[in-house]
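Asker: just coords:
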């Protein structure tokens, strides 16, 4: 008799647990994905990457241009030794962007962290190379977090992403399916075309 009660209790608890998991997961809101053409100024809005306290509201991002550069050529053009960047990465995806602070009042406190910006293709993702970023943005001295004064001029940045054709994806794949720059993740995922 005790064995039957124990089995019934286990079945009821399992059913309750499954029901609770279903209720929690079915109530989640999916992000809205928006894709913008290259050259269009896009407001970040009240969107964020990890936490709603990031407060990038008021910032506007525009992709100016992009290019794929062999890593050695990129390093040579910045006067660096090719051994500075891991030899697994044979190309750098370089993107010039313009960032403006239109109305964010938290200058010096909150702003944008470029380490959160990724390049996303249909079935691949590229992450920022901090060494190449530091070389391409000498005035920033490697700082990826920044806050701008409110103005209409803004500031240009060059974002640099590693491409490993041996480990991750081919150059042909990237050229056929150019990645999009993700500037925020939730509740709206905003992606800017790079080509």
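Answerer: Arrived safely, thanks for sending. Worth saying up front: this structure is predicted, and the values here are computed from it rather than measured.
Asker: C-alpha only now, for contacts and for neighbours.
Answerer: Noted.
Asker: Next, find the distance separating residue 148 from residue 110.
Answerer: In this view, residue 148 and residue 110 are 9 Å apart by CA to CA, to the nearest Å.
Asker: what's the answer for residue 140, then?
Answerer: Separation of residue 140 from residue 110 (CA to CA): 16 Å.
Asker: domains of the chain?
Answerer: 1-30, 32-193 (automatic domain parsing).
Asker: quick one: which of these has the weakest pLDDT on average?
Answerer: The stretch with the lowest mean pLDDT among the domains of the chain is domain 1-30, at a mean of 83.
Asker: Mind jotting down where the helices sit in this structure?
Answerer: 2-26, 71-77, 130-136, 171-176 (DSSP state H).
Asker: okay, residue 140 and residue 110: which has more neighbours?
Answerer: More crowded of residue 140 and residue 110, by other CA atoms under 10 Å: residue 110, with 18 against 14.
Asker: how close does that one sit to residue 117?
Answerer: Residue 110 is 16 Å from residue 117, by CA to CA.
Asker: Quick check: chain neighbours aside, which residue is closest to residue 114?
Answerer: residue 144 (5.1 Å; CA to CA, 6 or more residues apart in numbering).
Asker: which of the domains of the chain is buried the deepest?
Answerer: domain 32-193 (a mean of 17; mean count of other CA atoms under 10 Å).
Asker: Got the phi and psi for residue 148?
Answerer: Recorded main-chain torsions at residue 148 are phi -110, psi 160, according to degrees, to the nearest 10.
Asker: That one is in contact with residue 107, isn't it?
Answerer: Yes - Residue 148 is within contact range of residue 107, at 6.0 Å (criterion: CA atoms under 8 Å).
Asker: show me where this protein has strands.
Answerer: 32-36, 42-43, 59-70, 91-101, 112-113, 118-120, 125-126, 145-146, 155-163, 180-184, 188-193 (DSSP state E).
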